[in-house]
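Asker: no FASTA, just this:
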């Protein structure tokens, strides 16, 4: 496939850089995409791309098609389109393709037909459907640096969406035009009955600067189409994790034992298991140890000892990671009072997503803090229970005795929650609460205690923009 590698990128914007566009050979491409949407959310599609220039790249691509044969070239273009759609969280099924103009002196045209399941997504949160169109080529533009291209780029795009019969359009992104030193991005959106048409032009002049791109790209966002009419079935991923912490204060040391259980989504958990197995468990455990040890040290916490164990890699069920740490300098001290800061939002309070959360999140954390003889808790936060249509944040605090406290927390964020509703939920929950304890009879030079416990990784939310 190496000798045909050029073909694989020629019709993508990355081909500009791979092909070395010269000053006199500017890049011009037109897309014409049409979608017929059904009430199950799927869409029959026709995706047409017309490639005009640069001439040298155009001719090389045509030569590659002739060398590899039309059948192989057609399959390559289908595969290329499927990969592009996967970047938007979409798949293309039952695809067929035509390549036109490969044996003429005119433009090269590709036409791909197929079906995209879940092109429109249903959200029971507000009983609405939404379609996200990448009408401004955000994914393609994110893959290149136009300032490194020795020529201009002209991308014109026509997107036509036919909604299912009886659909009532509730909201559609409005058009705009933004310019900077001769370069511009323009979007026009029109609605006629149950048909939405989006027309965009992206023109980036030769010699465009990063400052120009900053102005232009500030307006880049998907074209969102929201409509109602019939209820649908939600298709989404749930991210579920459970954390169990046992924190024991012993003189000038804090012993921290943590068990993390990664439960869902199963496909992602199995992928992580494969990665650990491929890397080698010992190396993976050492990598996690180094990561956490460095985190503790960056916070001024001394690691006396520690170890990490990864379990359930070769079996079904949750991925389990166990940590054992012996630490010094683990909490703050104000006068004679030690303060443990606890985040009731479980580090899920500052997520950033543009429209809706395209996954559900369910995280549980159970923390037990045990003090030795001569210590006692003097101040505990009140329990928290905040529930809205966006989800819930619960923190139950139980004082087992003067020296032992149990914290049971759960954060659930509903699939499809709009960003504003998520922020409103989190605004009702404090960023942190304090557990205070004192030493009735001082022992040693310093007392350590509980602090921030971090999960294995930030959950990779499925917030992809979709075409």
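Answerer: Sure thing, it's come through. Since this is a predicted model, take the numbers as computed values, not measurements.
Asker: could you say what helices and strands the strand or helix carrying residue 289 packs with?
Answerer: Using DSSP states H and E, residue 289 sits within helix 281-298. If contacts are counted by 3 or more C-beta pairs under 8 Å, 6 or more residues apart in numbering; DSSP states H and E, helix 281-298 sits against helix 266-279, strand 302-311, strand 319-328. For glycine as for every other residue, the C-beta is placed from the backbone atoms N, C-alpha and C.
Asker: for the last one, packing partners?
Answerer: Taking 3+ C-beta pairs under 8 Å, 6+ apart as contact, the helices and strands that strand 319-328 lies on are strand 253-264, helix 266-279, helix 281-298, strand 302-311.
Asker: distance of the closest residue to residue 260 other than its chain neighbours from residue 306?
Answerer: Once flanking residues are discounted, residue 260 sits nearest to residue 321: 4.6 Å by C-beta to C-beta, 6 or more residues apart in numbering. According to C-beta to C-beta, to the nearest Å, residue 321 and residue 306 sit 13 Å apart.
Asker: More neighbours: these two, which one.
Answerer: Shown here are residue 321 and residue 306; by other C-beta atoms under 10 Å, residue 321 has more neighbours (22 against 15).
Asker: per-residue confidence for the more buried one?
Answerer: Residue 321 is assigned 95 on the pLDDT scale.
Asker: now do residue 144
Answerer: What the model reports as pLDDT for residue 144 is 83.
Asker: That one belongs to a strand?
Answerer: No: if the criterion is DSSP: H, G, I helix; E, B strand; the rest coil, then residue 144 is coil and not within a strand.
Asker: List the strands paired with the helix or strand where residue 112 lies, with their directions.
Answerer: Assessed by DSSP H and E, residue 112 sits inside strand 108-116. When pairing is defined by DSSP bridges, strand 108-116 lines up against strand 43-53 (antiparallel), strand 93-100 (antiparallel).
Asker: Residue 149: which of the ones you listed is closest?
Answerer: The closest of these to residue 149 is strand 43-53. By C-beta to C-beta, the value is 13.1 Å.
Asker: pLDDT on that closest one, on average?
Answerer: 95.
Asker: after it comes which helix or strand?
Answerer: In the C-terminal direction from strand 43-53 (assignment by DSSP H and E), the next one is helix 55-68.
Asker: Okay, buried residues for the biggest strand by length in the chain please.
Answerer: Under DSSP state E, the strand in the chain containing the largest number of residues is strand 237-250. Residues of strand 237-250 classed as buried by neighbour count (16 or more other C-beta atoms under 10 Å): 237, 239, 240, 241, 242, 243, 245, 247, 248, 249.
Asker: follow-up on the earlier one: now do the helix holding residue 289 against strand 302-311, angle only.
Answerer: Angle of helix 281-298 versus strand 302-311, following axes from the mean of the first three to the mean of the last three C-alpha atoms, to 10 degrees, is 150 degrees.
Asker: Give me the contact list for stretch 265-272.
Answerer: For stretch 265-272, the external contacting residues (C-beta atoms under 8 Å, 6 or more residues apart in numbering) are 237, 238, 239, 262, 263, 318, 319, 460.
Asker: okay, who's weakest in the buried residues of strand 237-250 by pLDDT?
Answerer: Within these, lowest confidence goes to residue 249 (89).
Asker: ok, that residue touching residue 370?
Answerer: Yes: if you go by C-beta atoms under 8 Å, residue 249 and residue 370 touch, sitting 7.0 Å apart.
Asker: give me the element residue 397 is part of.
Answerer: strand 391-401.
Asker: Checking my notes, residue 136 in a helix, right?
Answerer: No: judged by three-state DSSP, residue 136 forms no part of a helix; its state is coil.
Asker: right, and it touches residue 221 too?
Answerer: Yes: in terms of C-beta under 8 Å, residue 136 counts as a neighbour of residue 221; the distance is 7.3 Å.
Asker: And the two? Which one has more around it.
Answerer: Neighbours around residue 136 and residue 221, counted as other C-beta under 10 Å, are more numerous at residue 136. The numbers are 26 against 17.
Asker: Who are the contact partners of the more buried one?
Answerer: 157, 185, 187, 200, 202, 220, 221, 222, 223.
Asker: Now it: phi and psi?
Answerer: As for residue 136, its main-chain torsions (degrees, to the nearest 10) stand at phi -110, psi 10.
Asker: where's it relative to residue 84, distance?
Answerer: Using C-beta to C-beta, residue 136 is found at 15 Å from residue 84.
Asker: How about residue 325?
Answerer: Per C-beta to C-beta, residue 325 is found 45 Å from residue 84.
Asker: Tell me which of the two has more neighbours.
Answerer: Neighbour comparison, residue 325 and residue 84: the larger count goes to residue 325, with 23 against 19 (by other C-beta under 10 Å).
Asker: Quick check: that one touching residue 248?
Answerer: No: if you go by C-beta under 8 Å, residue 325 and residue 248 don't touch, sitting 10.9 Å apart.
Asker: Pop the domain breakdown of this protein in here.
Answerer: 24-228, 237-439 (automatic domain parsing).
Asker: what's the span of the shortest one, first residue to last?
Answerer: When the termini of domain 237-439 are compared using C-alpha to C-alpha, to the nearest Å, they are 47 Å apart.
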